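Novice: Build me a model from this:
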Amino acid sequence: MKSFDVYIFLVAIFVSFSFVDALGQPERWQQKVEYKMDVTMELLKDKLVGKQTLKYYNNSPDTLYKVFYHLYLNAFQPGSAMDVRSRNIPDPDRRVGSRIVKLSKSEQGIQEIQSLKMNGKSVTYKIEGTILEVTLPSPIKPRSKVTFEMEFTSQIPQQVRRTGRNNAEGIEYSMAQWYPKMCNYDYQGWHANPYIAREFYGVWGDYDVKINFPSKYIIAATGILQNKDKIGYGYSDKVITNRPNVQTWHFKAKNVHDFVWAADPDYKHIVYKTYDGKTMRFFYQPGEKTDENWSKLPAIMDEALRFIQPRYGAYPYQEYSFIQGGDGGMEYPMATLITGERTFTSLVGVSVHEWMHSWYQMVLGSNEALYHWMDEGFTSYASSEVMNWLKIKQMIPGDAEQEPHLQEVVGYSNFALSGKEEPLSTHADHFQTNTAYGVASYTKGEVFLVQLKYIIGEAAFDRTMHNYYDVWKFKHPNPNDFIRIAEKASGLELDWFKEYFVNTTHTIDYNVDDIRGKTAIIKRVGLMPMPLDVTVTLANGEKKYYYIPLDLMRGEKVGDKYFSDFKVLPDWEWVVPSYSFSVDVGDSKIEKVELDVSKRLADVDPSNNYYPRQMFEKGTDR
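Specialist: Have a look, this model is predicted:
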């Protein structure tokens, strides 16, 4: 095996046999829901008629006098918050742009409530855009349960963003965020955010959904189909004859926080058993742009799962479906909607990314509006690792890298100098530009983990990622919950890192300022302090490695594959702008001093990470 292969193998063995020791957290209360829905599609009107029974468990210590539902489909109307936001933001999402304002009445999304009762009593409610505000006939007391009964109708919009009919690839119905959905209430209160096509946040619970649809259609969905032998279509080998005009598809899903489905008469359905006995399903429209790539996808996703589970935790459900639909890639519990007419590598990439959301949103379930980067950024980090592994296994084209995140480090560093960066702590809906949101959520969120690994070392980082999932699954963790796991895994204090990297836009910038005899002098230029890996090359060719811990850490990392066999120097106090140390040069002299030879440090100006300066190759970023 190559050295890199050996390293990956040893890490996998280590993580798979690691255990969570003294990491338990107090239970964080959270609400619970049980949905029963029976919906019928009226094709000629593109109208969905539904009944919903919702058992709502108030596990909080608070008395609730109101509840709130999301009515996502109302976003697809001229003048909606999504429409206005898209037409006024400087860099609108090209998939939305000004499309909503141009929708005719028959093309719009409309969600109406016909009746709503709590425990058999009528409630008072009003619709404010994409939010249903409900005043209760009696309060919901702490640790009690109530039942809501609702009748609703929905007009399915032309597909614009995530949901709707007739997407660009010809999928007839992409049914995402399609039903009246109870908003989440947690220790921070209600989260009834108007929908503008950003992130979402849900309550875990059980779903029992019956979908009545013309029998020529094939339906893919969250959950497990309960009546396979009555359906066929690849769910069962049974030959179905004399189908009724309308067929009922009955799905159940346990401990999920949303439910997605899609319908098309032309879907091809591939069923694949994973190495550990789970079922993967693939639904796509056959054709020249899909057949070859989709037929190769199942085996690759099985290999991806082999890599994912030992490192990031076990996938807790028995099924997962990759469904052609929507307008790009969008994650949901036990399923994803992805556009399917892609290059092979793009299809694999979007499939890996959306499935990784099963770990960092569907199971961990952070509040995406507040902590979007904990979902998108962590997913992006893991996806980069998986894609690199698939290159190592030669299952997708491209050369594997020792560190597959360097492009994101450069991208974040460059954007940090643009003056357009906003803090990670910014609410997802309130970024001033889509670009700033994208860089924060995806790129800087990924770089957050790269910097953490640089600070605490690879072994502690691997423990952190695995233990984070085990400790906080199904508990809606926040940034402090994650950083405490990292502190326990590393033995270091890390609150300073979280506060700087999440709550500010302060940048990392260090300068190797001078060499005076056998003394190296380093200055901190940027406002964010970090520990430093320093490599000193002597004139005789010998290399010496020094590690400068930050006093705020109260300790230091151990060596990893990027930087090892170093001498630990005294702490650099974060308030002191410069630092000097002596090098044991023996009979030689210092030829050059370099910071961060691994290029992982998100230093916004790497041109001054070398001394003498001519050691930096002009025209390269890192």
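Novice: So which bits of stretch 177-194 are buried?
Specialist: Across stretch 177-194, burial judged by 16 or more other Cβ atoms under 10 Å covers 177-186, 191-194. Quick note: C-beta positions are derived from backbone N, CA and C, even for glycine.
Novice: try stretch 149-161
Specialist: M150, F152, T153, S154, Q155, I156, P157, Q158, Q159, V160, R161.
Novice: centre of the chain versus that stretch, how much separation?
Specialist: 26 Å (Cα atoms, centre = their mean, to the nearest Å).
Novice: What of stretch 304-317?
Specialist: The answer for stretch 304-317 is 15 Å, by Cα atoms, centre = their mean.
Novice: out of the buried residues of stretch 177-194, which one sits closest to I127?
Specialist: P180 (10.2 Å; Cβ to Cβ).
Novice: quick one: contacts for the closest one?
Specialist: Q52, Y69, H70, L71, Q111, I113, L132, M150, F152 (Cβ atoms under 8 Å, 6 or more residues apart in numbering).
Novice: same question, P612
Specialist: I515, K592.
Novice: ok, M362 to I240 distance?
Specialist: Between M362 and I240 the distance is 32 Å, computed by Cβ to Cβ, to the nearest Å.
Novice: Could you check which of the two is surrounded by more residues?
Specialist: Using other Cβ atoms under 10 Å, the more surrounded residue of M362 and I240 is M362, with 30 against 13.
Novice: What residues sit buried inside the host helix or strand of G411?
Specialist: Assigned by DSSP states H and E, G411 belongs to helix 406-416. Residues of helix 406-416 classed as buried: L406, E408, V409, V410, G411, Y412, S413, F415, A416 (neighbour count, 16+ other Cβ under 10 Å).
Novice: how about those residues in TSV, adding distance to P92?
Specialist: TSV is the format used below for the buried residues of helix 406-416 (distance: Cβ to Cβ, whole Å):
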residue	distance to P92
L406	30
E408	24
V409	28
V410	26
G411	21
Y412	23
S413	26
F415	19
A416	23
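Novice: Considering those residues, which is situated nearest to S588?
Specialist: Nearest to S588, judged by Cβ to Cβ, of these is L406 at 31.4 Å.
Novice: Just confirm the closest one contacts L601, I think it does.
Specialist: No: in this structure L406 lies outside contact range of L601 using Cβ atoms under 8 Å: 10.7 Å.
Novice: So for stretch 580-590, mean pLDDT?
Specialist: For stretch 580-590, mean pLDDT rounds to 95.
Novice: Just the endpoints, please. Distance across that stretch?
Specialist: Counting by Cα to Cα, to the nearest Å, you get 14 Å between the two ends of stretch 580-590.
Novice: hmm, back to that, inside strands: which ones of the buried residues of stretch 149-161?
Specialist: Among those, DSSP state E puts M150, F152, T153, S154, Q155 in strands.
Novice: Could you pull up the residues touching the nearest residue to G377 once chain neighbours are set aside?
Specialist: When the adjacent residues along the chain are set aside, G377 lies closest to G445, with 1.4 Å between them (Cβ to Cβ, 6 or more residues apart in numbering). By Cβ under 8 Å, 6+ apart, the residues touching G445 are H372, W373, M374, D375, E376, G377, F378, S380, Y381, L424.
Novice: Over to G445. Which of the three states is it?
Specialist: Reduced to three states with DSSP: H, G, I helix; E, B strand; the rest coil, the structure at G445 is helix.
Novice: distance of it from E556?
Specialist: Between G445 and E556 the computed distance is 26 Å (Cβ to Cβ).
Novice: before we move on, what about W574?
Specialist: Taken as Cβ to Cβ, the span from W574 to E556 is 15 Å.
Novice: that older thread, any chance of the contacts of P180 in CSV, plus pLDDT and distance to Y454?
Specialist: Output for those, formatted as CSV (pLDDT from 0 to 100; distance: Cβ to Cβ, whole Å):
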residue, pLDDT, distance to Y454
Q52, 98, 48
Y69, 98, 44
H70, 98, 39
L71, 98, 44
Q111, 98, 47
I113, 98, 51
L132, 98, 46
M150, 98, 51
F152, 98, 50
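Novice: could I get these as TSV with secondary structure?
Specialist: Listed next are those as TSV, based on three-state DSSP:
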residue	secondary structure
Q52	strand
Y69	strand
H70	strand
L71	coil
Q111	strand
I113	strand
L132	strand
M150	strand
F152	strand
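Novice: now for the one helix or strand W373 maps to, which elements pack on it?
Specialist: Element membership for W373 (DSSP H and E) is helix 372-392. Judged by 3 or more Cβ pairs under 8 Å, 6 or more residues apart in numbering; DSSP states H and E, helix 372-392 is in contact with helix 3-17, helix 291-312, helix 344-357, helix 445-456.
Novice: which parts of the third one are buried?
Specialist: For helix 344-357, burial by neighbour count (16+ other Cβ under 10 Å) applies to L347, V348, G349, V350, S351, V352, H353, E354, W355, M356, H357.
Novice: Could you do stretch 283-301 as well?
Specialist: F283, Y284, Q285, T290, N293, W294, L297, P298, I300, M301.
Novice: Also stretch 470-477?
Specialist: Buried residues in stretch 470-477, defined by neighbour count with 16+ other Cβ under 10 Å: V471, W472, K473, K475, H476, P477.
Novice: what's the pLDDT at the closest residue to D327 other than its chain neighbours?
Specialist: Once flanking residues are discounted, D327 sits nearest to R95: 5.1 Å by Cβ to Cβ, 6+ apart. On the pLDDT scale, R95 is placed at 95.
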